[in-house]
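*Asks:* coordinates only, no sequence provided:
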DNA sequence: CAGTGTTATGTTATAAAGTAACAGCTTTGC
DNA sequence: GCAAAGCTGTTACTTTATAACATAACACTG
């Protein structure tokens, strides 16, 4: 759900990159240096990051000064292959925790610390499909964004008033 | 769900305005001429409409030439009172079919005709709450956007290839 | 390995969506 | 009628995203 507070995030990133490489190899998709860099930056935290923030980071990091298009194109590729998700209500992107499984987008979004937790709930999937079926609707894509307070921020609230 | 093809839309709009007026009166909220106009324009169709499209319509219709802020402020008011919903993935707004019931935002979005159908599903609500509870998450707001093809567009697809 | 089609990147310009900040006007309630 | 609160106007600006066209890298084929 939400990432553990003190988890080893470096290995988080490394694992995401390995998975992405494997997945792209399998599909014959080209995970170029640029796309890889964007993916890595998206994974630099478990909070969603915007396209222009990514751009800024790339400029800080490298010698190149990429244009917005560059970032958007990389994001488009990564999304197309299910490596990242876009959080529509935030205009921002996060790494997908289960790439390649062709699932929908289900997120818990903490309005206090801005962390997001990706969810994968079968009962919810079933409910979504049922709703679509009831409406005679052919479902292509699902997007669920739940906004509230994560456990840690609730605790902090209780403590500090 | 989705509006009937040949329904009397004028009465749709009228009813939405009446409901809004009643609701605002009950709450002591001021549904001013401007807000009313925006609400009416949002209700001019069952497809979501963007802030700048609304602006354009207001300019065509009236003698005033409102600035973007004007529209955004009206939209903010209407949203705050649950009279309209924002569809995050489209940056656009639609009239709410059940104002005042304090529900979440659940939509079927047709990617072909761009109509949206608002849904109100208890099983889905329950599933969303369950997901939040499982994650120890305090749920404030829910947003569900399902993308696909509405019944009519499926039929059209089948016919024309 | 030259030639060719395809995919990726670069570049410039611009569109689209949303907000900050401050001034002036209306309504409401006393 | 007057003050407080709430609404509107206006200017300027930020943030997010895309169109259009040029160049470069790759990868397949003969």
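*Replies:* Received, thanks. What you see is a predicted model, and the numbers here were worked out from it, not measured in a lab. Numbering: from 1, shown residues only, chains lettered A, B, ... in the order given.

*Asks:* going forward, measure contacts and count neighbours with C-alpha atoms only.
*Replies:* Will do.

*Asks:* helices or strands next to the lengthiest helix in chain A in the packing?
*Replies:* Using DSSP state H, we find that the single longest helix of chain A is helix A:9-27. Counting contacts by 3 or more C-alpha pairs under 8 Å, 6 or more residues apart in numbering or on different chains; DSSP states H and E, helix A:9-27 packs against helix A:33-42.

*Asks:* name the element the most centrally placed residue in chain A belongs to?
*Replies:* Geometric centre of chain A, nearest residue: residue A:94, 2.3 Å, by C-alpha atoms, centre = their mean. Residue A:94 is located in strand A:92-95, with elements delineated by DSSP states H and E.

*Asks:* quick one: the longest helix of chain A to helix A:33-42, angle?
*Replies:* 140 degrees (axes from the mean of the first three to the mean of the last three C-alpha atoms, to 10 degrees).

*Asks:* run through who's touching helix A:9-27.
*Replies:* Here helix A:9-27 makes contact (C-alpha atoms under 8 Å, 6 or more residues apart in numbering or on different chains) with A:30-31, A:36, A:39-40, A:43-45, A:83, A:95, A:97, A:99-100.

*Asks:* farthest pair within those residues?
*Replies:* A:30 and A:45 (23.9 Å; C-alpha to C-alpha).

*Asks:* who has more neighbours, the two?
*Replies:* More crowded of residue A:30 and residue A:45, by other C-alpha atoms under 10 Å in any protein chain shown: residue A:45, with 18 against 12.

*Asks:* and the closest residue to the more buried one other than its chain neighbours, how many neighbours?
*Replies:* Nearest non-adjacent residue to residue A:45, counting by C-alpha to C-alpha, 6 or more residues apart in numbering or on different chains: residue A:9, 7.9 Å away. Look at residue A:9: counted by other C-alpha under 10 Å, it has 16 neighbours.

*Asks:* could you list the buried residues of the longest helix of chain A?
*Replies:* Residues of helix A:9-27 classed as buried: A:9, A:12, A:13, A:16, A:17, A:19, A:20, A:21, A:23, A:24 (neighbour count, 16 or more other C-alpha atoms under 10 Å in any protein chain shown).

*Asks:* that helix close to DNA strand D?
*Replies:* No. Helix A:9-27 is not in contact with DNA strand D by C-alpha under 7 Å from any atom of the strand; minimum separation 10.8 Å.

*Asks:* how far does that helix sit from the chain's center?
*Replies:* Here helix A:9-27 is found 14 Å from its chain centre; the criterion is C-alpha atoms, centre = their mean, to the nearest Å.

*Asks:* contact residues of chain A facing DNA strand C?
*Replies:* Selection of chain A residues close to DNA strand C by C-alpha under 7 Å from any atom of the strand yields A:29-30, A:32-35, A:64-70, A:73-74.

*Asks:* 10 Å instead?
*Replies:* Within reach of DNA strand C by C-alpha under 10 Å from any atom of the strand, chain A has these residues: A:28-37, A:64-77, A:88-91.

*Asks:* now the buried members of these.
*Replies:* Among the residues of chain A next to DNA strand C, those buried by neighbour count (16+ other C-alpha under 10 Å) are A:31, A:35-37, A:70-72, A:74-77, A:88-89.
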